[in-house]
Each structure stands twice: as structure tokens, then as C-alpha cells.
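**Student:** Quick one: sequence and predicted model below, then my questions.
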Amino acid sequence: MSLIKIENLTKHYTSGEETVEALRGIDISIEAGEFITIMGQSGSGKSTLLSVLGGMNHPTGGEVEMAGVRLYQLPGEKLADFRASRLGFVFQAFHLIPYLTAVENVMLPLAIVKMKGAEKRVKAAAALAQVGLGGKLDRLPNQLSGGEQERVAIARAIVNDPAILLADEPTGNLDSATSNEVMALFRRLNDAGQTIVMVTHNPDNGQYADRTITLKDGMVVAE
């Protein structure tokens, strides 16, 4: 059974009298352990698709099933719980809290988990070690390079051991050398069993993935 199953997914936005069809009948299946990149020009619907997958944007029609759960049949609180426990998010902007250290930033998703503070710190430190920052736990974000800040953001996304990691243009603010380092990190996470769905505008990033899905005008045109 597919870990992610999307059937006839549509998303419409209304602006005045105009209706914009951001997603038009998307069908996608993603297996556990796959590394998928979603590509397409600006306005193709790729970020809309990722936000729907992340439980943050209710579709107009169709089904999204993740880990056997029909996402948008969950009531609001259950949907929020699913997001917190089963999904990890990495964004183009790092969204780190400037006055918290690296380890404190990574501990944030654990705030709702019943676990002693010392255990949370150990778990966050392990996530930072996994992304190569085991020696920089107590650095503030402004004491880290852009690539290191992105690694902290990735550690924060994986600290809850999510079933699925969703990434939206994670290398968009990085130079090419740092982008390659971050993509190699995603590849290593995937090789260790992490399912990854990544939106990217950079065709070079596709070489790190198992499969690339291309969108155009809200439809899948290649996969």
C-alpha cells in the first residue's frame, strides 16, 4: 500500500469573479522510503500541492491519504495532531528563533511530547548530530552559516521521527556549493529510510531523488 495516495485532487481559489484552478485532477502515489522532487515553473501548483499534503490547505475536491489516514476527513484538532506527530516540515526560510540556541530550536516540536526536559535535549542533540552539527548545540542562529541554519531546520523537522518529511525550496536561499551539501544530507536521510517529498525549482536537485514529478498549469505532465 502506498504511504501517500492522492486521487483527483483539485484546489480552486476565487478572486472577485475569477476562479483560479491551482490544482486540476492530480493523481500521485508515493511509496514509503521514496525521495520525490516536485518541479514546475512558478504558478504550476507545486507549492499548493505541498501545502495540501502538509494538512495546511484544504483541497476543493479529491482525496489525500497518508499512512492509511484520509487527511481531510480528520476534524481540525486531529488534523493538527497528525501534522505534529507524523509530518516534518522544512521551508526556504529557516524560521529559527534568533534568541534560542541550535539545540533549543530543535527541541521546539517536542514541547507537546510527554518527555522530561533532559530527554528532549538528548533527542534534539541526536538530531543535530545526524545532520553534522553535533559540535554546535549551543550556537545561536546568527553564529551559524546559512547552510548550518538550514541543517538546524532539518534537524528540527526530523526530531519527532516523522513518517514523511516535506520540504519547500529548502535550497532556495543557499549558494550552489551549500545547496549540494544540503541535498546530499537529504539523500543520506532518505538512504536511512526517511520518506521525502520536496518542491524545488532547481533541476540539479532532481539528481538526488528517486523520482521527479513535473507539474504544469496544476496538472501532472511527467513523473
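**Tutor:** Nice, I can see it. Predicted model, so just to flag it, every value in this text is computed and none were measured.

**Student:** Could you verify my assumption that G40 touches L215?
**Tutor:** Yes: at 3.7 Å, G40 counts as touching L215 under the criterion of CB atoms under 8 Å. Backbone N, C-alpha and C define where each C-beta goes, glycine included.

**Student:** Need the residues touching each of the two.
**Tutor:** K46 (CB atoms under 8 Å, 6 or more residues apart in numbering).

**Student:** so who does H201 touch?
**Tutor:** Listed by CB under 8 Å, 6+ apart, the contact partners of H201 are M39, S42, E169, G172.

**Student:** among the residues you listed, who's most crowded?
**Tutor:** Counting neighbours by other CB atoms under 10 Å, M39 leads the contacts of H201 with 21 neighbours.

**Student:** Skipping its backbone neighbours, what lies nearest that residue in space?
**Tutor:** Distance criterion CB to CB, 6 or more residues apart in numbering; nearest residue to M39, sequence neighbours excluded, is T214 at 5.1 Å.

**Student:** Confirm the one you found sits in a strand?
**Tutor:** Yes: assessed by DSSP: H, G, I helix; E, B strand; the rest coil, T214 belongs to a strand.

**Student:** follow-up on the earlier one: including secondary structure, could the contacts of H201 go into JSON lines?
**Tutor:** Listed next are the contacts of H201 as JSON lines, based on three-state DSSP:
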{"residue": "M39", "secondary structure": "strand"}
{"residue": "S42", "secondary structure": "coil"}
{"residue": "E169", "secondary structure": "coil"}
{"residue": "G172", "secondary structure": "coil"}
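
**Student:** want to throw these into a markdown table with distance to Q194 and pLDDT?
**Tutor:** Shown next, in a markdown table, are the contacts of H201 (distance: CB to CB, whole Å; pLDDT from 0 to 100):
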| residue | distance to Q194 | pLDDT |
| --- | --- | --- |
| M39 | 20 | 94 |
| S42 | 28 | 86 |
| E169 | 18 | 91 |
| G172 | 21 | 85 |
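
**Student:** Just put these in CSV and tack on distance to A22.
**Tutor:** Listed next are the contacts of H201 as CSV, based on distance: CB to CB, whole Å:
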residue, distance to A22
M39, 16
S42, 12
E169, 17
G172, 20
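
**Student:** Just give me the closest of those residues to L87.
**Tutor:** E169 (17.1 Å; CB to CB).

**Student:** Quick check: that closest one touching Q92?
**Tutor:** Yes: applying CB under 8 Å, one finds E169 in contact with Q92, separated by 4.0 Å.
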